[in-house]
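Engineer: Sequence and predicted structure below; questions after.
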Amino acid sequence: MHFYDFKLKCFNECLARGETAKLPFAKFVFPCAYYELAVYNTNEKNYDKAKTYLSKAQTFKDYELNERVGTQIKSLQRRIRYYTDEPKLAALLKSREEAEKEQKTKRENEIKNFYVQ
């Protein structure tokens, strides 16, 4: 079994066991497990599932290391946004580049026409 598959299985088992039992440390374990599942899905380029896990992780409040995990969640959200917006950004830059190229060609033609007359 691949390490990541084993890791995924362990996190899912942790979440399944924790949901059925009222554990005192569940407030800390659940957000961390959901965060790690989001990281795994981000690395697998499954961004929608990663976003789902991040939103589940954010539902937990008032636990140890809340700020640290919250910072990690925000960082991963920015990373996902970068990955998912990159094609849009590339298309925008390409269209701008084409527009600039078209304007440059138009100016060059105007200059040529001016001197030819």
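Structural biologist: Great, that's in hand.
Engineer: starting at the chain centroid, how far to the helix or strand where residue 94 lies?
Structural biologist: Using DSSP states H and E, residue 94 falls within helix 66-116. Distance, stretch centre to chain centre, for helix 66-116: 19 Å (C-alpha atoms, centre = their mean, to the nearest Å).
Engineer: can you start the count at 198 instead of 1 from here on
Structural biologist: All right, first residue 198 from here; so that's helix 263-313.
Engineer: Pass me the low-pLDDT residue ranges in this structure, would you?
Structural biologist: Where the chain drops to pLDDT under 70, the residues are 198-201, 215-223, 287, 290, 314.
Engineer: What's the separation between the residue nearest to the spatial centre of the chain and residue 203?
Structural biologist: Centroid-nearest residue in the chain: residue 277, 1.1 Å away (criterion: C-alpha atoms, centre = their mean). Separation of residue 277 from residue 203 (C-beta to C-beta, to the nearest Å) stands at 24 Å. C-beta coordinates here come from the backbone N, C-alpha and C atoms, glycine included.
Engineer: Kindly report the same for residue 293.
Structural biologist: From residue 293 across to residue 203, the span is 46 Å (C-beta to C-beta).
Engineer: Likewise for residue 273?
Structural biologist: Plainly put, residue 273 is 21 Å away from residue 203 if you go by C-beta to C-beta.
Engineer: The two: which is more packed in?
Structural biologist: Neighbours per residue, other C-beta atoms under 10 Å: of residue 273 and residue 203, the larger number sits with residue 273, 19 against 10.
Engineer: My guess is that one contacts residue 250. True?
Structural biologist: No - Residue 273 lies out of contact with residue 250 (C-beta atoms under 8 Å); the separation is 9.5 Å.
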